[in-house]
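*Asks:* here is my input; please provide its structure:
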Amino acid sequence: METTSTAEKKEEIKQKPLLGVTVHVDCVLLVITACSFLTRLWRLEEPRSIVFDEVHFGRFTGYYLQNVFFFDLHPPLGKLLLAAAGYVAGFQGNFQFTSIGQEYPCDGDIPIWHLRLIPALFGALLCPVIYQIFVTLGFNYWTATLAASLVVFDNALLTQSRFILIDSMLLFFCVLSIYSLVRFRRLKDRAFSKEWWGCLCMLGVSITCAISVKYAGIFTVFIVGLVLLYDYWQLIGDQTKSARTLWHHLLSYFGVLVVLPIMLYLAIFYVNLQVLYKSGPHDDRMTSAFQASLEGGLSKITKGQPLEVAFGSQITLRHTHGSHPCWLHSHKHIYPIRYSDGRGSSAQQQVTCYSFKDINNWWIVKNPNHTNIQVSDPPEVIHDGDIIQLIHGMTGRTLNSHDVAAPVTPQMMEVTCYIDYNISHAAQNLWKVEIVNADIEGDTWQAIKSQVRLVHVNTSCALKVSGAQLPDWGFYQFEVGSDRIVNQDANIWNVEEHKYTRFGDDKDGDISDSLQQPDEEQTYTTGSNHHLGFMDKFLELQWRMLAANQEVHQEHRYSSEPLEWLLMQRGIAYWMNPTNNAQIHFLGNPVIWWSSSISLVIYMFILCVFVVRWCRQCEDLSTDEWDRFLLAGVLFGGGWLANYLPYFLMERTLFLHHYLPAYICKIALLPVTLQLIYLHVLRSQIQRSVFTSLLAVWFTTVIMVFYQFAPFSYGHYSLSDEGIESRRWMDTWGFLIHSQLHV
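*Replies:* Residues are numbered from 1 along each chain as shown. Below you'll find the predicted structure:
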């Protein structure tokens, strides 16, 4: 018997393949992924016109491919990915994205399908990642399938994935961050294994990518950070863990989730700045030093100009840190004798900050102790703390200030160019030069590089741009005054253009004539003088981007308020066919949108009931079930709050698409709520059967409504006027009807 058994076992061993692979295929996941890709890629090149913000991101892609610097308030990763697709497809960046509705050429100059492919791929990958999150959390496959299907059949997510936009990338990296976190938490008993490190690194990379596409990604990072802090707090309370182990965990988190993201974030900006090295249309948003570091533009204008400012220098003074670039300016017009509020003025010559380069922006630096306004030989350079006068080049009048309230901001003092009216109102035209960055650039006043404050000697107030615009009598230019608060960015200036004043043999020459006479014997700068390091450029660009995010204030027909997002009261018209009713309108699937909003309330109610019952020693859920539903509530419910509430504090123009990160969390919470009801609220099999039937009807309605609103996502055919009106379920939905646009 033993001999026979041994022979059979040997025969079985011989029948096994030498090299075998066992593959488990989740067919449901494959079907959902296929549906996701089909819905996102179907007729992707249509419409062959610029849709909504393609006018911006398409133009940015062209700038990248031509190495032209531009400014945008979003971080560069999403735009770099679009540019990479354009580069691979052979796009030269020579198409001008002028306006929404502009038709793309049919000669293949612009690879519209390839440019739209990147957002479509990220949008399609959302569905399988959502599915995997639910499976990894331990929810049943029906719940995971429902969650992924809701993402597939939502019209808002579909629309935002089909055009040259970056929101689908943001959503993907946010969802990938949550998936990485969930995977990482499952490996807590296998700390420091290869898989543990892999998931931790994937988490660090995904949160970096989310922030590097749009700063709205920081809200998801906040939720991820809270969960990790809670886990580490639990780890501290585990007495089986040594202090050494706790330090290893802490250093691992810090290295992978702090240091690595910072390095990746800097690397993305480094690539961005290396690619965009030519002067472009948005240079004037940056400081003079930044502009001078770009090829062409200001660097071409300032090439060869003197570096050190001296008595007799002709200069233009640029406001360094203002959100609106402008130059110190004057003209022959005077302040009105009385302002609209009844206050009187000095009726002196106006001094403003002008947003365009102009001959009236030129000033001559004069030594108060000499009448000569030429540069001496050798030049008498100006240092930190020196006293100067500034003479307006075109009118010959000196920059002046006195104890008269400024025209728009009466808390400041008026700044003028002094006119001698032969009355007891003496000139007060001495200014002290304070070099703010003297510790870095030295105490010599240098063009481009030195940042200075001009402090009025008589009043100890600093020359400042208030940010307010003057009325029509001031040609709507920016107000300039002097402020008692000296240490602030609003009163920092730098010399941009610079040359030495020479009159040749005619020492009585006219000041305005000297503005046109460069000196051929002056000491010139070299290209290296205007070199700006990466970190300086990065920090300046970062500050400008963060400031610009708070300055988006513009009236828009389709802007909306956060409270309107809950019920989707207002969509956004993305595109309209010029000849019929075919259009792209950003609007979600109403059934999914409204159902998920209701699920928020139901989930919170059920959770509160279970908490109360748990306090009363009623164990409705096992420990694993409780942890699973609570974690889902934190990730999805907390994710919704973190991505939604901050918009109530933002004083900027908002649109419905800003709600998408919160919305996808809300969608994910809906299947969680349904499983909670099915397993732990409904007690009898009959109740569950009825509930399942209702869910089947509801999901069928989801698909039907998706199909009904699909023309607004694809724009592939024109609905009749009656067809559009039948889909206007809310009066505030601004669908366009072609016949009514031309009445």
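*Asks:* residue boundaries of the strands in the stretch 151-300 of the chain?
*Replies:* For the stretch 151-300 of the chain, no strands turn up when DSSP state E, counting those that start in this stretch is the criterion.
*Asks:* low-confidence bits of this structure, can you list those?
*Replies:* Within the chain, the segments meeting pLDDT under 70 span 1-18, 422-425, 502-531, 552-553, 741-743.
*Asks:* any idea which helix is longest in it?
*Replies:* Ranked by residue count, the top helix of the chain under DSSP state H comes out as helix 685-714.
*Asks:* got the buried residues for that helix?
*Replies:* By 16 or more other CB atoms under 10 Å, the buried positions in helix 685-714 come out as Phe699, Val702, Val705, Phe706, Phe709, Ala710, Pro711, Phe712, Ser713, Tyr714. In short, each C-beta sits where N, CA and C put it, glycine included.
*Asks:* packing partners of that helix?
*Replies:* helix 141-152, helix 155-161, strand 583-586, helix 590-615, helix 660-680 (3 or more CB pairs under 8 Å, 6 or more residues apart in numbering; DSSP states H and E).
*Asks:* quick one on the thing from earlier: relative to Val205, which of the buried residues of helix 685-714 is nearest.
*Replies:* Val205 lies nearest to Ser713 out of the buried residues of helix 685-714, by CB to CB, at 30.9 Å.
*Asks:* picking up where we left off before, format the buried residues of helix 685-714 as JSON lines; extra columns: distance to Val151.
*Replies:* Rendered in JSON lines, the data for those read as follows (distance: CB to CB, whole Å):
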{"residue": "Phe699", "distance to Val151": "13"}
{"residue": "Val702", "distance to Val151": "11"}
{"residue": "Val705", "distance to Val151": "15"}
{"residue": "Phe706", "distance to Val151": "11"}
{"residue": "Phe709", "distance to Val151": "16"}
{"residue": "Ala710", "distance to Val151": "16"}
{"residue": "Pro711", "distance to Val151": "20"}
{"residue": "Phe712", "distance to Val151": "18"}
{"residue": "Ser713", "distance to Val151": "14"}
{"residue": "Tyr714", "distance to Val151": "17"}
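*Asks:* from those residues, which is closest to His657?
*Replies:* Distance to His657, by CB to CB, is smallest for Ser713 among the buried residues of helix 685-714, at 13.3 Å.
*Asks:* that closest one and Ser161 touch, don't they?
*Replies:* No: contact criterion CB atoms under 8 Å: Ser713 and Ser161 do not qualify, at 9.5 Å.
*Asks:* ok, and what's touching stretch 203-221?
*Replies:* Outside stretch 203-221, the residues that touch it by CB atoms under 8 Å, 6 or more residues apart in numbering are 74-78, 166-167, 169-170, 173-174, 176-178, 180-181, 184, 224, 256-257, 260-261, 264-265, 268, 545-546, 549, 639, 642-643, 646, 658, 661.
*Asks:* what residues of that stretch count as buried?
*Replies:* Residues 203-217, 219-221 are the ones in stretch 203-221 that count as buried (16+ other CB under 10 Å).
*Asks:* try stretch 45-52
*Replies:* Across stretch 45-52, burial judged by 16+ other CB under 10 Å covers Glu46, Pro47, Ser49, Ile50, Val51, Phe52.
*Asks:* please apply the same query to stretch 26-44.
*Replies:* Asp26, Leu29, Ile32, Thr33, Cys35, Ser36, Phe37, Thr39, Arg40, Leu41, Leu44.
*Asks:* of all those residues, which two lie farthest apart?
*Replies:* Pairwise distances across those peak at 26.5 Å for Asp26 and Leu44 (criterion: CB to CB).
*Asks:* how far away is Arg43 from Tyr717?
*Replies:* 11 Å (CB to CB, to the nearest Å).
*Asks:* got any residues that touch both of these two?
*Replies:* By CB under 8 Å, 6+ apart, no residue touches both Arg43 and Tyr717.
*Asks:* still on that earlier bit, and the longest helix of the chain with helix 660-680, angle?
*Replies:* Using axes from the mean of the first three to the mean of the last three CA atoms, to 10 degrees, the direction of helix 685-714 lies 160 degrees away from that of helix 660-680.
*Asks:* and helix 685-714, how far from the chain's centre?
*Replies:* The chain centre lies 36 Å from the centre of helix 685-714; the measure is CA atoms, centre = their mean, to the nearest Å.
*Asks:* with adjacent residues omitted, what lies nearest to Ala144?
*Replies:* Counting by CB to CB, 6 or more residues apart in numbering, Ala144 lies nearest to Phe134, which is 3.6 Å off, once chain neighbours are set aside.
*Asks:* would you agree the one you found is in contact with Leu674?
*Replies:* No: the criterion here is CB under 8 Å, and Phe134 misses it with Leu674 at 11.7 Å.
*Asks:* okay, the two: which has more neighbours?
*Replies:* The residue with more neighbours, out of Phe134 and Leu674, is Phe134; 25 against 21, by other CB atoms under 10 Å.
*Asks:* show me the residues around that one that make contact.
*Replies:* Phe134 makes contacts with Thr143, Ala144, Ala147, Ala148, Ala668, Pro671, as judged by CB under 8 Å, 6+ apart.
*Asks:* same check on Asn577?
*Replies:* Residues in contact with Asn577 (CB under 8 Å, 6+ apart) are Pro47, Gln583, Gly715, Ser718, His738.
*Asks:* is the second one in a bridge, and if so with what?
*Replies:* It stands for Gln583. Taking DSSP bridges, one obtains Met576 as the residues bridged to Gln583.
*Asks:* thinking again about what came up before, which of the contacts of stretch 203-221 are buried?
*Replies:* The neighbour-count criterion (16+ other CB under 10 Å) marks 74-78, 166-167, 169-170, 173-174, 176-178, 180-181, 184, 224, 256-257, 260-261, 264-265, 268, 545, 639, 642-643, 658, 661 among those as buried.
*Asks:* and the buried residues of stretch 203-221, which of them are in helices?
*Replies:* Counting by DSSP H, the buried residues of stretch 203-221 place 203-213, 217, 219-221 in helices.
*Asks:* just give me the closest of these to Arg116.
*Replies:* Nearest member of these to Arg116, counting by CB to CB, is Val213, at 16.6 Å.
*Asks:* distance check, the closest one against Gln160.
*Replies:* Applying CB to CB, the value for Val213 to Gln160 is 13 Å.
*Asks:* looking at the contacts of stretch 203-221, which are in helices?
*Replies:* 77-78, 167, 169-170, 173-174, 176-178, 180-181, 184, 224, 260-261, 264-265, 268, 545-546, 549, 639, 642-643, 661.
*Asks:* show the contacting residues for the closest residue to Tyr421 other than its chain neighbours.
*Replies:* Counting by CB to CB, 6+ apart, Tyr421 lies nearest to Ala347, which is 7.9 Å off, once chain neighbours are set aside. Counting by CB under 8 Å, 6+ apart, Ala347 makes contact with Ile334, Tyr335, Pro336, Ile337, Ile419, Tyr421.
*Asks:* wait, isn't the fourth one in contact with Arg343?
*Replies:* Right, Ile337. No: contact criterion CB under 8 Å: Ile337 and Arg343 do not qualify, at 10.3 Å.
*Asks:* neighbour count winner among the two?
*Replies:* Arg343 (12 against 9).
*Asks:* for the closest residue to the more buried one other than its chain neighbours, give the beta-bridge partners.
*Replies:* Leaving aside its sequence neighbours, Arg343 sits nearest to Ala405 (CB to CB, 6+ apart; 6.1 Å). Taking DSSP bridges as the rule, Ala405 bridges to Met413.
*Asks:* might you report the residue contacts of Ala405?
*Replies:* Ala405 is in contact with Arg343, Gln411, Met412, Met413, Glu414, counting by CB under 8 Å, 6+ apart.
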